[in-house]
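the following block contains a protein sequence and its predicted model.
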Amino acid sequence: MPLTSDERYQLYHYMRQSRAIEDAAWALAGQGRLVGRLYTGHGQEAIPVGCAFALADGDVIAPMYRDMGAHLVRGIRPVEVFAQYMGKRDSSNGGTDSGLHMGDMARGIVGMISVLPDSLPVTVGVALAFKLRREPRVAMTFFGEGSTSTGAWHEALNMAAVLKVPAVLVCENNQWALSTPTEREYAAGSIADRAHGYGLPGVRVDGNDVEAVYEAARAAVARARIGEGPTLIECMTFRMRGHSIIDPADYVPAAQREAWAARDPLARQFERLVAAGLWDDAREAALVESFRVEIDDAIDVAAALEDPRPEDVGAGVWATTDAPATRLPAAALAELVDQGYPDDFRVPRPMSPPPADVLAMPAHAAAGADRERNDA
Amino acid sequence: MPLTSDERYQLYHYMRQSRAIEDAAWALAGQGRLVGRLYTGHGQEAIPVGCAFALADGDVIAPMYRDMGAHLVRGIRPVEVFAQYMGKRDSSNGGTDSGLHMGDMARGIVGMISVLPDSLPVTVGVALAFKLRREPRVAMTFFGEGSTSTGAWHEALNMAAVLKVPAVLVCENNQWALSTPTEREYAAGSIADRAHGYGLPGVRVDGNDVEAVYEAARAAVARARIGEGPTLIECMTFRMRGHSIIDPADYVPAAQREAWAARDPLARQFERLVAAGLWDDAREAALVESFRVEIDDAIDVAAALEDPRPEDVGAGVWATTDAPATRLPAAALAELVDQGYPDDFRVPRPMSPPPADVLAMPAHAAAGADRERNDA
Amino acid sequence: MRELTYLEAIREALHDEMTRDPRVFLLGEDIAGYGGVYKATDGFVDAFGADRVVDTPISENAIIGAATGAAIMGMRPIAEIQFADFIACAFDPLVNMASTIHYRWGQPVPLVVRMPAGATWAGAGPFHSQSMEAWFAQVPGLKIVMPHTPADAKGLLLAAIRDPNPVLFLEQKYLYRRLKGPVPEGDYTVPLGQAAIARPGRDATVIAYGTMAHKALEAAALVAADDIDVEVIDLRTIVPWDREAVLASVAKTGRALVVYEAHRTAGFGAEIAAEIAEAAFTDLDAPVQRLAGLDTPIPAHPMLEAAYLPDEHAIAAALRALVAW
Amino acid sequence: MRELTYLEAIREALHDEMTRDPRVFLLGEDIAGYGGVYKATDGFVDAFGADRVVDTPISENAIIGAATGAAIMGMRPIAEIQFADFIACAFDPLVNMASTIHYRWGQPVPLVVRMPAGATWAGAGPFHSQSMEAWFAQVPGLKIVMPHTPADAKGLLLAAIRDPNPVLFLEQKYLYRRLKGPVPEGDYTVPLGQAAIARPGRDATVIAYGTMAHKALEAAALVAADDIDVEVIDLRTIVPWDREAVLASVAKTGRALVVYEAHRTAGFGAEIAAEIAEAAFTDLDAPVQRLAGLDTPIPAHPMLEAAYLPDEHAIAAALRALVAW
Ligand SMILES: Cc1ncc(C[n+]2csc(CCOP(=O)(O)OP(=O)(O)O)c2C)c(N)n1
Ligand SMILES: Cc1ncc(C[n+]2csc(CCOP(=O)(O)OP(=O)(O)O)c2C)c(N)n1
Ligand SMILES: [Mg+2]
Ligand SMILES: [Mg+2]
């Protein structure tokens, strides 16, 4: 199943949008306008985008802190991202947590925690639920190569293999774990090499080639969906910024960073599209401008949202029903709409249209729209 | 370095002694005379014996609960084992803990805890101490195949490989973890297969062939000692009894148990010695008898020892000096000696002489005698 | 009413709820063919199939993590930890992940962790005897249940399974086969957070839970001979705990003794004692007393273990001293 | 005397002891070239070499396990956990292994676990803000230190390193760069288990530690304006804690307020309050009060975090109420 032209563009679209949002967030963080510390996926965008793109309606994803693109593909909108980044009352975490720790089962997104890689065993359990219920659904998660040194990683991989759950386990090997290079993290040749020891397939792909990532993810998702069990995908990439916004990363050799800068996943897909006659500088400029407008808007709307109130602090420690709580009750939503706030704030929708009319809109992002709120 | 005749006999001797002690312990446990639950290494004796035999003075070992033979090779005497099994005041744990949870740094033995396989990361730390101090010493530990599913196992293996510590990590793959067969524990072909994923050598040996086990351990110890890092050894064996004395193990297919009964490690070494003209039935009978006498004696002496006193309960929670505490202060020892108690109770010594004069005494067990009490 | 052992009551609750609710499934080590080390799920795999009685590798961390994942997908997983002591290996996914999900992003985590806890009074040693309610009582978002009677064991377990929050269910292995009592047939729940007055009395209140509630009743019988009339409150749930019931009792008796078998220092009894001392200050005729396990690992030799554990005689002695204060 | 920040004092203690004692070495994540996330060991790898400043993989469990192994071989390992919250991943090797070795077979475990703990008051969120002394205070065999002043940070750290037991050293990240104070040069220790009277007073006693001792002093200054003379006890060590000093102070003032930033329920303050209420029953003119963090995860938004945390104003208000009781 070769990618259609539309799909090839969509992959690019999401990567560009991810980059644009993270660039804007970086600037905001520099101005002290975000809550919590900012971590970004600069240079790694092909991985969350290519992998998330391989999922279907009803699948579940557990992104990590660098996976902006995965959220976008699942239908999260920039205004939600900025509301979350600003810790607003009506954001995913409502100020209880920060950064990309957003969770939303309506769109099949599991919210991460800081402890690495704790979404991984959870993802195995999500996939186990699918298996036990005989649902043809797949669970996918992401982790850095540094996180593979943890016990949680091992237990989850082994359990996934033994229980043969429909899971896709994606390693974003960006070659650094904070200041720790891979050779101080593991002595093996690769993380994919470990798969054999768990009795599951392990593949290694160029993580800066979004189409290659997509293809690996697609194959793994297909395997999982027909009951053939989990796959470990190791995507080789590079962390182009510091670990977080406060890390100058001067421990990274300049030559290494430069070599990887030359392999920028956006530039590569851009060139592919141009070579295929699907893209040109004018469209690029228009796309970038459309993102700028959308993001500026999103930031303004998000900034205008209410901050959490001190009395919110105790809310939600305990669930009182089986239904998910939402941060944005109908009343509050209506109020926002009165203020000119988009009325589909909590509803996944197709993302903003591409600039030129040559390409159909990516329908993919709408996937989550008709998912039910709770799987129970 | 082929094994000498002496050494080949010694390997047999320790296995036989281990079996004799565990048979006796099984009987005592049945009479309710032991503290705590009894777990034995029936059928697996070749592994702790063959591996421990490959260590030298000053090396450190962290046995697990089936590794009676490792304790014996390190110089632990039957009377100590039974005092421990009976939870006596002057036993290794003094009644604070039970079974083979004995620790004694004087003889380089790390005491295990029930949580599996928590001795493994500790062993990595022991080996790290050797490495940092540039001492040509090796640390060795044991774990079941079931214990390889834990996070602690993974973190320890990975850290051992990354820090390249002089450690030998021995898997006793007896194919069951309580009632769980290997296929429900891991989906990989073997545990040794995992080594590659950690960047360390993994070897798989017939764990019921004591000479093969010894040879694998010897090579691994040699590698570790010259700074080439850790080795994972997977020894294939079988748990010939229930998980513990209360487990009838009726979940084990009879055919599987029978097939492995035919591969008894003692019988195999016995036949080898006979074939080499080193052993015969008469000597065997004498050896068995000598163990019987020694063990009967040990049980009597141990049984006569004082039980812990209620007021002991709070002793030793806190260390007050850097020196190890000992359960048997000089005064108590003297008292015991007055009662005809062997005067070398705490001193490793060559084990009881073999029955015939054809063979020199195993000198190996004396190895620990001149180890210093504390490594600091 | 027919009588069941504590263990049978738990088995019945599991069995009934699995029959009623297809979302309920079990995962843990040696729980399928083997039926669990205490045989709580004996025969379940035949009755419900291997999909609903999932044997796992020795992976406590992943058991809790995976149960959490299944819970957020709308299943009702019940994880069995072979011995409660091993939950130490899954401390992180409980205190950092399962407990915070609803607070952070609103998804309920209807997860039950069953585990045999506490001393056996027969020398199970430092790693098969611990009572770890205080490890978790400080963690917002985790409920903790420690039943005493067979009837409560069933009703509380059913309530725990139906609760939309993660619940640690600390079964008292000492009581498993030792305690038999009337257990209603059919479906009922005992609400989490509601204490029971296990014995009404007027001279002093003992607050206890699990095995210690059992011992407290024995102690109350002992001191009744001295004409001391003790009220025994069986807390049943540690988080949330029934502060009102405790304070009401203390208001009546003016004297309180908190008994728990975990180590004394920083045990959950400290919370109870501190609350009583603060809220019932003017009601108290004597200082709130605590009687607990010692601040030592729990030793294996039964003689040492007995020295570690509070028993009915120690409780009786503490009650006599309290009443005489 | 020259002044150092809290962080500089810790760095000096580490540096001096590594210079003095070749058995001391460090292990942890990003502690060598990077110098640790708070730069506590900045430059150490150049000064002492990679053998004594060991960068590890992200393996908290193995860090603690390996440190324990090195400790029983006579080394003096100091493990750094990047953020104290992640010690949850190494809960088991601490509570089951390191803490029990000496009790079980007599081998000392001279191990220090350094970890930046507590809220930043700037919104570090649920996983970079916790105070976990109560997770461990119940475990016999583990010492717990939470220094408040720079001078104590140095002296207590030196004492911890020389102690033959496992010591959890909970550094207060809020104070790292914020608090500067006189720190003696050269070698000295502050004994574990000895509280400090951070401020003498007569009307009420505040018992606090770490950052909250700092806030309590600010509160004492605030209420001094109302002519309320508060004694502030800085506990310094949680296990063992200085019961005598606390009781002596309460005997004098008759009123006690226990302040801690961890979640209120089952926090270590409950132990302190329960002990005071029991042992100082006849000295008390008012019930022992507790002021603590809320029973919620620690939220990331600074506004919510502020609602979670007790601050000097809340302490002052509690003191006024206590004195007026
Ligand atoms: C269990 C745990 N230990 C330590 C940390 C602190 N920490 C946060 S990110 C990070 C590096 C992670 O590296 P990697 O997994 O490779 O992901 P990357 O940041 O490179 O994407 C560390 C050590 C943590 N979050 N969790
Ligand atoms: C962390 C942990 N989980 C569970 C147990 C309970 N348990 C004790 S022995 C055992 C089986 C161990 O199997 P394996 O490692 O293969 O060793 P074997 O008994 O076969 O020698 C289990 C599950 C434990 N001791 N530790
Ligand atoms: Mg990385
Ligand atoms: Mg096994």
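Structure received. Numbering: from 1, shown residues only, chains lettered A, B, ... in the order given. Ligands and ions are numbered 1, 2, ... in the order given.

read off the pLDDT value for the nearest residue to residue C:220 once chain neighbours are set aside.
Leaving aside its sequence neighbours, residue C:220 sits nearest to residue C:230 (C-beta to C-beta, 6 or more residues apart in numbering or on different chains; 4.1 Å). No exception for glycine: its C-beta is placed from N, CA and C like everyone else's. You'll see residue C:230 listed with a pLDDT of 98.

is residue C:230 in a bridge, and if so with what?
For residue C:230, the beta-bridge partners are residue C:204 (DSSP bridges).

quick one: it and residue C:203 touch, right?
Yes - applying C-beta atoms under 8 Å, one finds residue C:230 in contact with residue C:203, separated by 6.3 Å.

please enumerate the shared neighbours of those two.
Here residue C:230 and residue C:203 share no contacting residue, scored by C-beta atoms under 8 Å, 6 or more residues apart in numbering or on different chains.

and these two? Which one has more around it.
residue C:230 (28 against 18; other C-beta atoms under 10 Å in any protein chain shown).

look up how far residue C:247 lies from the more buried one.
17 Å (C-beta to C-beta, to the nearest Å).

before we move on, what about residue C:268?
Applying C-beta to C-beta to residue C:268 and residue C:247 gives a distance of 16 Å.

and these two? Which one has more around it.
More crowded of residue C:268 and residue C:247, by other C-beta under 10 Å: residue C:268, with 30 against 17.

show the contacting residues for the residue nearest in space to the middle of chain A.
The centroid of chain A falls nearest to residue A:70 when counting by C-alpha atoms, centre = their mean (2.6 Å). With contacts defined as C-beta under 8 Å, 6+ apart, the neighbours of residue A:70 are A:48, A:49, A:51, A:52, A:61, A:63, A:109, A:142.

out of these, the closest to chain B would be?
residue A:142 (19.1 Å; C-beta to the nearest C-beta).

look up the residues forming beta bridges with that closest one.
The residues that residue A:142 bridges to, once DSSP bridges is applied, are residue A:170.

run a quick neighbour tally on it.
The number of residues near residue A:142, taken as other C-beta under 10 Å, comes to 31.

from the chain's centroid, how far away is the host helix or strand of the residue nearest to the centre of chain A?
If you go by DSSP states H and E, residue A:70 is part of helix A:68-73. Relative to the centre of its chain, helix A:68-73 is centred 4 Å away, using C-alpha atoms, centre = their mean, to the nearest Å.

could you do stretch C:293-307 as well?
Worked out by C-alpha atoms, centre = their mean, stretch C:293-307 lies 20 Å from the chain centre.

ends of that stretch, how far apart?
End-to-end distance for stretch C:293-307: 9 Å, by C-alpha to C-alpha, to the nearest Å.

stretch A:223-240 now?
End-to-end for stretch A:223-240, by C-alpha to C-alpha: 32 Å.

over to stretch C:118-125?
10 Å.

got the buried residues for that stretch?
Residues of stretch C:118-125 classed as buried by neighbour count (16 or more other C-beta atoms under 10 Å in any protein chain shown): C:118, C:119, C:120, C:121, C:123, C:124, C:125.

near chain D at all, it?
No - for stretch C:118-125 and chain D, the contact criterion (C-beta under 8 Å from any C-beta of the partner chain) is not met; the two come no nearer than 9.3 Å.

buried stuff in the helix or strand containing residue C:212?
Counting by DSSP H and E, the element that carries residue C:212 is helix C:211-224. Using 16+ other C-beta under 10 Å as the test for burial, helix C:211-224 gives C:211, C:212, C:213, C:214, C:215, C:216, C:217, C:219, C:220, C:222, C:223.

next: stretch C:32-39.
C:32, C:33, C:34, C:35, C:36, C:37, C:38.

tell me who's in contact with residue C:284.
So residue C:284 contacts C:250, C:254, C:255, C:256, C:276, C:277, D:281 (C-beta under 8 Å, 6+ apart).

I meant to write residue C:163 there.
Applying C-beta under 8 Å, 6+ apart, the residues near residue C:163 are C:110, C:112, C:143, C:192.

who touches residue C:177 in this structure?
Counted by C-beta under 8 Å, 6+ apart, residue C:177 has contacts C:5, C:6, C:7.

for the second one, give its distance to residue C:125.
In this structure, residue C:6 and residue C:125 are separated by 22 Å, where distance is defined by C-beta to C-beta.

same check on the last one?
Distance from residue C:7 to residue C:125, counting by C-beta to C-beta: 21 Å.

where exactly do the helices run in the stretch 101-250 of chain A?
Per DSSP state H, counting those that start in this stretch, the stretch 101-250 of chain A carries helices over the ranges A:119-132, A:151-163, A:195-198, A:210-225.

ugh, typo on my part, it should be chain C
Counting by DSSP state H, chain C has helices at residues C:6-20, C:44-48, C:60-72, C:91-92, C:101-105, C:133-137, C:150-162, C:211-224, C:243-253, C:268-279, C:302-308, C:312-324.

how far does the longest helix belonging to chain A sit from its chain's centre?
Across chain A, the longest stretch assigned as helix under DSSP H is helix A:5-30. Chain-centre distance of helix A:5-30: 11 Å, with C-alpha atoms, centre = their mean.
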